[in-house]
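> Mind looking at a prediction? Sequence and model below.
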Amino acid sequence: VIHLEPAVVSAVGKRAILRRRDFHKYPELAWLEYRTASLVARHLRDCGFDLKLGQEVLRADARSGLPDQVELQHAYHKALEEGGDPEFLPLFKDGFTAVVGVLTGAQPGPTIAIRVDMDALPVPEAEVPGHAPHREGFRSCRNGVMHACGHDVHTAVGLGLAEVLAASREQLRGTVKLIFQPGEEGGRGAEPMVAAGVVDDVDCFIAMHIGLGLPSSTLYPVVEGWLASAKFDAHFQGQAAHAAFRPDEGKNALLAAAQAALGLHSISRHHAGSSRVNAGVLRAGTGRNVIADTALLQAEVRGANHEVQQFMENRSQEVIRGAAQLHGVDVEIKMVGRTTTAACDLPLAKHIAQAASRTEGLRVDLSPIIVGASEDATFFMRRVQERGGQATYVGFGTELAGGHHTPSFDIDEADIPKAIEALVRAVLELSHQVR
Ligand SMILES: [Zn+2]
Ligand SMILES: [Zn+2]
């Protein structure tokens, strides 16, 4: 039977809330999580974890959707100025912002991995008295960037978990791997970590998310139905010309992109499962009286399974190329992010449910939750399952002040300590029960 010192758990919970506020104040977009990752590394090292960082845990050529060099460097210097850890920061340079902490238990046992994500979103944070981060002074200090999905909470929970596990090492069997992933938004960070072999030795894998519309102080160890997705940028290149004097000499990139956007939304539904499509950004042209020579279309497609996803990807490419051909312009399609589908392993979910239910004030419910969004943790889950391990995705309910990805998003911080305790119990009990 696992014994947790209540004083330790409660002190860790309080510190985790303060850390969450700090991460919330300094949100960082995908591949720019320099400050966050460096503080994570510092903390894990101080707790006695072995570290693997940066290029060791991210395969460079498997990364997609990277910001340009100017942005990468700007964010790096900001992190240096704003409290990032100077010892660890250089290891994350050029968008290698991932951390894996490894703790070995007192006796042999399974390898258990917990994955949390660290990135924020390009959402401007609410600046009204009703919004707690504003009222309490930890609103984002970065214009137009916000932790609007709770990944600040995930990072803080991961660090809290590290603290309690380090203090309970004599009760731990086997190995714990804490995975701090960059770039979940847009489906970018997981694939290169999987490609680097981060979960190749993992027996039990747990990903987590707070919120998701689940009721406060609940834990759902079976969250599934994640849609596969592909995100891509189509760059159209035409030919500029005077709109009145020589319109026939132009090749209209704007019309090609507009046609492509309409075409994407007319792709057929699929009998084998649900699908999604969205053309979210269209930028084109330079002047009113100029035939537009360039256009950028940012779009995504999703599917409930491989067959539907393949159909959506193939059709979207055909539509874009067809639209380009119609207008005689060139097009280059660049993949900038991807997610897949994955199912949860019920035996693992049941172990987690049993252990977590010993957390006071937390209600555990094994009914499956179908979110209908996408998650790149699915790549980790698949990899672990392909190699004979088990994986699941755990949802923690909390009272949300605003929806995910909106300026008023906020959680109930009282759920942070509960999430930490539940995960600690799950890890420690699993370490005794599995294998
Ligand atoms: Zn999100
Ligand atoms: Zn999220």
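It's in. Ligands and ions are numbered 1, 2, ... in the order given.

> Report the residue spans of the protein with pLDDT below the cut-off.
Along the chain, the parts satisfying pLDDT under 70 run over 435.

> Show me the residue sitting in the middle of it in space.
A centroid search over the chain (CA atoms, centre = their mean) returns residue 184, at 2.0 Å, as the residue closest to the centre.

> Verify the stated contact: that residue with residue 375.
Yes. Residue 184 is in contact with residue 375 according to CB atoms under 8 Å; the separation is 7.3 Å. C-beta here means a position set from N, CA and C on the backbone, and glycine is covered the same way.

> Helix or strand: which one has residue 296?
strand 294-303 (DSSP states H and E).

> Give the partner strands of that strand in its sheet and their orientations.
strand 228-237 (antiparallel), strand 275-284 (antiparallel) (DSSP bridges).

> Identify each buried residue in that strand, please.
294, 295, 297, 298, 299, 300, 301, 302, 303 (16 or more other CB atoms under 10 Å).

> Name the SS class of the residue lying farthest from the centre of the chain, please.
Distance from the C-alpha centroid of the chain, by CA atoms, centre = their mean, peaks at residue 245 (50.3 Å). Put simply, residue 245 is coil when judged by DSSP: H, G, I helix; E, B strand; the rest coil.

> what does the one 3 residues further on give?
Reduced to three states with three-state DSSP, the structure at residue 248 is helix.

> residues contacting it?
residue 241 (CB atoms under 8 Å, 6 or more residues apart in numbering).

> Recalculate using a threshold of 10 Å.
241, 291 (CB atoms under 10 Å, 6 or more residues apart in numbering).

> Skipping its backbone neighbours, what lies nearest residue 89 in space?
residue 38 (4.7 Å; CB to CB, 6 or more residues apart in numbering).

> Three-state assignment for that neighbour, please.
Residue 38 - assigned by three-state DSSP - is helix.

> could you pull out the helices for the stretch 101-250 of the chain?
Along the stretch 101-250 of the chain, the stretches classed as helices by DSSP state H, counting those that start in this stretch are 132-135, 151-167, 190-195.

> can you tell which of these is closest to residue 218?
Minimum separation from residue 218 across those (CB to CB) falls at helix 151-167, 15.3 Å.

> Show me what the closest one is packed up against.
Where contact means 3 or more CB pairs under 10 Å, 6 or more residues apart in numbering; DSSP states H and E, helix 151-167 is packed against helix 6-25, helix 34-46, strand 99-104, strand 107-117, strand 173-181, strand 204-210, strand 390-396, helix 415-433.

> Of all the ones you listed, which one is nearest residue 52?
strand 99-104 (4.4 Å).
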